[in-house]
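Enquirer: Build me a model:
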Amino acid sequence: MQSRLQTLHASVMSGSRAEWVEEAGRVLREQAGIDLVAMRPTMAGESGAAFWITERAGAVMLLKIRPGPAQDAVDYLRKLDAAAGRLRDRGYPAPRYHVIGQAAGVAFWVQERPLVMADLTGGALS
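Expert: Purely as a prediction, here's the structure:
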C-alpha cells in the first residue's frame, strides 16, 4: 500500500494538483507541525518535486520530496544539514532545514527559502 507521501509524489508527477496539495498539508501538519496555507511548484529543478510552501504565520519555505530508499535519503540529508550548519557558522549563507522526515518509503524535507543574488544585493544585480 502506498504511503501518503508516495501518493503525493505520484500525484505531483501526474499533475493532480488538488490531491497533492491536500495530502501535503496533512503530512506536513502531522509530521512537522507546519500549518500549510499555500503550495506551488517551484518551476525549477530536475525532479519536479520541489514546492514553495507558505505557512499560516507567513513564512515561505521550500518543500522537497523524494521516493526511493527513504532512510538512506534521511541519513544523507541529516549529514548534509550538519555540514551546512558548519558552513553557516563560518558565514556561508546555507539554508536551514526545518524538518527532515519520511513516511513509508518516501523522504521529504523542508528548508528555509534559499537566498538568491537579488536578496544579497537588495534587488540590484550588477
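Enquirer: Every contact and neighbour count from this point should use C-alpha atoms.
Expert: OK.
Enquirer: Going along the chain, name the helices of the protein.
Expert: Along the chain, counting by DSSP state H, helices occupy 4-14, 17-32, 70-89, 117-120.
Enquirer: Mean pLDDT lowest where, among the ones you listed?
Expert: Among the helices of the chain, helix 117-120 carries the lowest mean pLDDT, at a mean of 46.
Enquirer: For residue 99, list each beta-bridge partner.
Expert: Beta bridges link residue 99 to residue 110, judged by DSSP bridges.
Enquirer: pretty sure it is touching residue 112, no?
Expert: No. Using Cα atoms under 8 Å, residue 99 makes no contact with residue 112, being 9.8 Å away.
Enquirer: now residue 110: how far from residue 28?
Expert: Between residue 110 and residue 28 the distance is 9 Å, computed by Cα to Cα, to the nearest Å.
Enquirer: Run a quick neighbour tally on residue 22.
Expert: Using other Cα atoms under 10 Å, residue 22 has 13 other residues around it.
Enquirer: Repeat that for residue 111.
Expert: 18.
Enquirer: Just confirm it contacts residue 60, I think it does.
Expert: No. Judged on Cα under 8 Å, residue 111 makes no contact with residue 60 at a distance of 9.4 Å.
Enquirer: Tell me how far the nearest residue to residue 60 once chain neighbours are set aside lies from residue 65.
Expert: Spatially, and ignoring its direct neighbours in sequence, residue 60 is nearest to residue 54 (4.5 Å; Cα to Cα, 6 or more residues apart in numbering). Distance, residue 54 to residue 65, using Cα to Cα: 16 Å.
Enquirer: The two: which has the busier surroundings?
Expert: The residue with more neighbours, out of residue 54 and residue 65, is residue 65; 24 against 19, by other Cα under 10 Å.
Enquirer: pretty sure residue 25 contacts residue 35?
Expert: Yes. Assessed by Cα under 8 Å, residue 25 is found in contact with residue 35 at 7.1 Å.
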